[in-house]
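1. would you be able to build a 3D model of this:
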Amino acid sequence: MSEPGAARLVIVDDHELVRAGLRAMLSAEPDFEIVGEASDGAEALELCRELTPDLVLMDVRMPRMDGLAATREVKQHLSRVSVLILTVHENQDYMLEAIRAGASGYVLKDAPREQLTTAIRKVLSGESTLNRNLATQLIQRLAFEVYEREEPSSANPPPDPERAAILESLSTREREVLELLALGHTNRKIAQTLFISVGTVKNHVEHIFAKLGVSDRTQAVVRAFEFRIITPPALQ
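-> Now for the predicted structure:
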């Protein structure tokens, strides 16, 4: 039985046996509650709008609307709902698309129970499921794409009210924390670098999430690059 305040999860996969297996595995965890299931991306989007879960386990290849398209829609309309991609293979180009769509990370479909539950708990706590090297590589690639795409008009960029509001809302310390998040640093490493407590770092990270309208570290950095709030380290 789920505990009061358990994380509310939605499982999305077009194979009933896969959903049943995930449901059986996750229902045994007292801090998880399975509140819904969907067999395609369109159904998942409707379910998320109705239930506003904490996290969606999202398959990729599905009829009507695939997982990446559904992730984009969920994150556009329900930014605080986290999405963890279910995949059968690890591929950096593929994962870049998932992160660009708004996913917090991914987990392999054949992952053992402990790995799956750990990944879910990491995402729910605002962490990335990607190992540090992969996360850094993907974020750097995305950042360079953003900067290369906007370079021709960078001399006289049009005013962006949303960017201006975010810039004004972020404190100097929060921007420093964002810079270190982009380097893949843990809260402990950030605390050591800035000579502050881990608890203070956690508070800064939570404030950053709220101001950027994201639910995890990876998406915070991606959004910061997209709004040119921080510069990729290699371009500094």
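
2. now the nearest residue to Ser197 once chain neighbours are set aside: which helix or strand?
-> Leaving aside its chain neighbours, Ser197 sits nearest to Ala191 (6.0 Å; criterion: C-beta to C-beta, 6 or more residues apart in numbering). C-beta coordinates here come from the backbone N, C-alpha and C atoms, glycine included. Per DSSP states H and E: Ala191 is located in helix 187-194.

3. right, and the helix or strand after that helix?
-> helix 198-212.

4. what's in contact with the very next helix or strand once past that following helix?
-> Going down the chain from helix 198-212, the next helix or strand is helix 217-226, by DSSP H and E. Under the criterion C-beta atoms under 8 Å, 6 or more residues apart in numbering, residues 75, 99-100, 102, 104-105, 126-128, 130, 135, 139, 142-143, 146-147, 178, 181-182, 205, 208-209, 212-214, 229-230, 232 lie in contact with helix 217-226.

5. read off the pLDDT value for Ser153.
-> Looking at Ser153, its pLDDT reads 50.

6. ok and the helix holding Ala191 relative to helix 198-212, angle-wise?
-> 100 degrees (axes from the mean of the first three to the mean of the last three C-alpha atoms, to 10 degrees).

7. that older thread, show the buried residues in the contacts of helix 217-226.
-> 75, 99-100, 102, 104-105, 126-128, 130, 135, 139, 142-143, 146, 178, 181-182, 205, 208-209, 212, 214, 229-230, 232 (16 or more other C-beta atoms under 10 Å).

8. mark which of those residues are part of helices, please.
-> 75, 99-100, 135, 139, 142-143, 146, 178, 181-182, 205, 208-209, 212 (DSSP state H).
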